[in-house]
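In: fold the following, please.
(one chain, ligands or ions: 1)
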Amino acid sequence: MKVQTHQTFESGLPKDDTHPYRTGAWQPQTTEYDAWDLDVEGEIPQDLAGTYLRNTENPLLVSPERYHPFDGDGMLHSISFAGGEAQYHNRFVRTDGFNAERQANAPLYAGFTEFDRLQTLNQPSNINLWPNMKDASSTDVVVHRGQALTSFWLCGDLYAFDPVTLEAQGRADFGGQFPKDGVSAHTKIDENTNEMLFFNYGLDAPYMHYGEIDAQGNLGHYRDVLLDGPRMPHDMAFTENFAIVNAPSLFFDPKLLAAGMQLPRFFRDVPTRFGIIPRRSNGAVKWFDAQPTFVLHWINAFEEDDEIVLDGFFQEDPMPKGDPNWTIDQKALGNTLDLHAIKSYPHRWRFNMVTGETKEERLSDRIQEFGMINGRFGGRRNRYSYNALPCKGWFGFEGLVKQDLISGAEEVVQLPAGVFASETVMAPRIGSTAEDDGYLITFTMDLNNNRSQCLILDAQNPTADPLAAVSLPERISSGTHAFWQPAAAH
Ligand SMILES: [Fe+2]
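Out: Numbers count the residues shown, from 1 in each chain. Below is the predicted model:
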């Protein structure tokens, strides 16, 4: 392996740190690397071409009161494959907040679960829902028009990079029309049209907007979406002709909000509402009521006769009480991150555009989340979903599940104890036509061998031994979202 250090930062974390999301599988890095001729067990397939990107919450400083992993600084990882070879790069996302804290050498912002500081601090940021929070751009990443774009789970800026080398390329500005309310994580790429779809949300009416960036990079369309009040949806979906947004049943308590306090609560009797928005037009939004829930992530959506079919992960208990003996610190982490306590199951919604009826069904009795598909099938009927297998009691993935949405069959890839996976992408093989003809790609956090590898699995036989395990320069931290960008010649 040929490795060059790009830059090393000084960590402000305690040497004897014991925080569960700054140690073990979540131990942050301080060094940025460029690496080529990576060591490979097995063989990188010749017909694998493109880039696997993954964003990470990777803190450099300690929060004064309470750290939640969603507060961590963004670090982007990129591994690119061509001709049986691989190169790897990682970079911090040098956001305005990151630069301000490096200059001050002190944490300046309030964390997601630092309830008092969120209300009382006076540290302006561009996060309009909690104006004292840092836009770390650490949540999500997609590639649009040859640029990797990182985003934050609350609405913020999009930071641009060369997807292969991770050379920073400033911020997306949509030709001077970047929305003042920012852009939420989970911008969507329609691989069939090369459009990027996005949404944002805020405290003031209309509370949500929906937008489209066309294949030329212009803000082709941007419209109000009027909700009943402030809501905090996390993800959106799309079909060939519609975008799908939602107003979940977990939102700021209106009574407290009137008193100036922004505390989310799950309202068990308030339906989750879905808005079906015609793409590329100002046509009316059609609304559907469904069972109360909060959905972190959608898998895919498609049109079938009169219906819009939407797959995602239904949460039975979006704000679990957890263990009564938990301290407030443990509760702040436990009730937002333990997908087993939250009870997150694959689920299908059907919205009948003619009758206005909603139908729902559970797709599996196995706890799953973070589903990915072959990107060519985005917005089109898909058969397969590749979902993360969450750890019990904390936020990590102990494997993955290939789910056949037609037969209901599930193939489970369970990693050895002490080895954890990332969000796993499906990379179609060059020249493939079958939906699952390709490779599953993930980064591991291997605590047993103190290393990280990029695993390449056969998507048609995921439980077989990996085709290749490619070593990274050092063990990386767990993180959240990943993306597969096929090579241009694809
Ligand atoms: Fe997400």
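
In: name the nearest residue to Glu307, ignoring sequence neighbours.
Out: Leaving out its chain neighbours, the residue that sits closest to Glu307 by C-beta to C-beta, 6 or more residues apart in numbering is Arg350, at 4.8 Å. (Each C-beta comes from the backbone N, C-alpha and C, glycine too.)

In: so who does the one you found touch?
Out: Glu307, Ile308, Val309, Leu310, Thr358, Lys359, Glu360 (C-beta atoms under 8 Å, 6 or more residues apart in numbering).

In: roughly how far apart are it and Met372?
Out: Using C-beta to C-beta, to the nearest Å, Arg350 is found at 22 Å from Met372.

In: with Asn99 instead?
Out: Asn99 is 32 Å from Met372, by C-beta to C-beta.

In: mind listing what's buried along the helix-or-strand element of the chain with minimal mean pLDDT?
Out: Ranked by mean pLDDT, DSSP states H and E, the weakest helix or strand in the chain is helix 328-337, scoring a mean of 81. Across helix 328-337, burial judged by 16 or more other C-beta atoms under 10 Å covers Lys331, Ala332, Leu333, Gly334, Asn335, Thr336, Leu337.

In: and the residues you listed, which is closest to Asp224?
Out: Checking those against Asp224 by C-beta to C-beta gives Thr336 as the nearest, at 29.5 Å.

In: in contact with the closest one, which residues?
Out: By C-beta under 8 Å, 6+ apart, the contact set of Thr336 is His68, Phe112, Thr113.

In: compile those residues into JSON lines and extend it with columns for secondary structure and pLDDT.
Out: JSON lines is the format used below for those (DSSP: H, G, I helix; E, B strand; the rest coil; pLDDT from 0 to 100):
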{"residue": "His68", "secondary structure": "coil", "pLDDT": "93"}
{"residue": "Phe112", "secondary structure": "coil", "pLDDT": "89"}
{"residue": "Thr113", "secondary structure": "coil", "pLDDT": "89"}
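
In: shaky segments in the protein?
Out: 489-490 (pLDDT under 70).

In: what are the ranges of the helices in it?
Out: Ranges of helices in the chain, per DSSP state H, are 96-104, 115-120, 254-258, 328-337, 339-342.

In: so which of the ones you listed comes closest to Val164?
Out: Comparing those by C-beta to C-beta, helix 96-104 comes nearest, at 22.1 Å.

In: got the buried residues for that closest one?
Out: Asp96, Gly97, Phe98, Glu101, Arg102.

In: tell me, how many residues neighbour the residue nearest to the fourth one when sequence neighbours are not counted?
Out: I take that to be Glu101. Spatial nearest neighbour of Glu101, chain neighbours left out: Leu108 (5.3 Å); criterion: C-beta to C-beta, 6+ apart. Leu108 has 15 neighbouring residues, counting by other C-beta atoms under 10 Å.

In: and for Lys180?
Out: Residues near Lys180, counting by other C-beta under 10 Å: 9.

In: so how far is Gly260 from the spatially closest residue to Leu203 that is not a sequence neighbour?
Out: Setting aside the residues directly before and after it, Leu203 is nearest to Pro230 in space (C-beta to C-beta, 6+ apart), at 4.9 Å. As judged by C-beta to C-beta, Pro230 and Gly260 stand 13 Å apart.

In: higher neighbour count, those two?
Out: Remark: of Pro230 and Gly260, Pro230 carries more neighbours, 19 against 7, as counted by other C-beta under 10 Å.

In: identify the bridge partners of Val401.
Out: Note on Val401: beta-bridge partners Asn387, Val412, judged by DSSP bridges.

In: what is the nearest of the contacts of Thr336 to Gly170?
Out: For the contacts of Thr336, the nearest to Gly170 is Phe112 (26.4 Å; C-beta to C-beta).

In: who are the contact partners of that closest one?
Out: His68, Phe70, Asp71, Leu118, Trp130, Met133, Thr336.
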